[in-house]
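*Asks:* Give me a 3D structure for the following:
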Amino acid sequence: MGSEGPQVVTVHVTGFKKFHGVSDNPTEIIVRNLKEYMEKKGLPKGLVLGSCNVLETAGEGALTTLYEVLESAITSQDNEPSGSRQVIWLHFGVNSGSKRFAIENQAVNEATFRCADELGWKPQKIPIIPSDGDISQTRKTVLPVNEIVKDLAAMGYDVAHSDDAGRFVCNYVYYHSLRFAEQQRIKSLFVHVPLFYTINEETQLKFAASLLEILASLH
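*Replies:* This is a model prediction of the structure:
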């Protein structure tokens, strides 16, 4: 108790590049600008903003890169005292048809892409991780989604709890991330944002900063 140091939360962030129908992905801009934005705003106490990566909007063909990115969080904490650091993967994806932010509670073990991804893959009703079982299997985040949504709404954001991350690359990445997080005893969360013409860039960056502040306060 008295010998324990303060809990530090390290959050690693990803967004996506363009894909079919979305030539300018807001999550790419959010992730590329987040470090500078947070440095100007001031990082919340107890928060370390780790890596910020923009992923190819692709499933199977981008898996090697995805796992290199995910594993970087584990490598970076090797020198930390045991128990002093909590690691969270925060993934941003765009839902071009939405008018609000959505905190995703779970991912489904199903890849059914409505269009080919950026590397030309278009799976239909196949399990993302066959050893997990059939396409109805789900993995849920261990983070308190309802509490996070409530806190963000109290800050004035139009945000909702969601149990459906779609079946495209967002869900595909989230499912792999949740599985990886469980294996490594870290945490993972996926957030869908709308396009910038629905909610502007400044508000979306402010939302990301507010979410980081909330994540830093969770123990």
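
*Asks:* what sits against residue 140?
*Replies:* 105-106, 178 (CB atoms under 8 Å, 6 or more residues apart in numbering). All C-beta atoms are positioned from the backbone trio N, CA, C, and that covers glycine.

*Asks:* Could you rerun that using 10 Å?
*Replies:* 104-107, 163, 178, 182 (CB atoms under 10 Å, 6 or more residues apart in numbering).

*Asks:* Max pairwise distance over these: which two?
*Replies:* The largest separation in the contacts of residue 140, counting by CB to CB, is between 163 and 182 at 18.3 Å.

*Asks:* in what helix or strand does the residue positioned nearest the centre of the chain lie?
*Replies:* Centroid check for the chain by CA atoms, centre = their mean gives residue 91 as the closest residue, at 1.5 Å. Here residue 91 sits within strand 85-94, counting by DSSP states H and E.

*Asks:* Kindly reformat the contacts of residue 140 as TSV containing neighbour count.
*Replies:* Listed next are the contacts of residue 140 as TSV, based on neighbours: other CB atoms under 10 Å:
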residue	neighbour count
104	26
105	21
106	18
107	29
163	13
178	24
182	14
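
*Asks:* Count the neighbours of the nearest residue to residue 8 once chain neighbours are set aside for me.
*Replies:* Once flanking residues are discounted, residue 8 sits nearest to residue 85: 5.0 Å by CB to CB, 6 or more residues apart in numbering. A count of nearby residues for residue 85, using other CB atoms under 10 Å, gives 17.

*Asks:* likewise the one 3 residues further on?
*Replies:* Neighbouring residues of residue 88 were enumerated by other CB under 10 Å; the total is 23.

*Asks:* Return the residues in contact with it.
*Replies:* Residue 88 is in contact with 9-13, 47, 50, 73, 141, 143, 181, 186-189, 212, 215-216, 218, counting by CB under 10 Å, 6+ apart.
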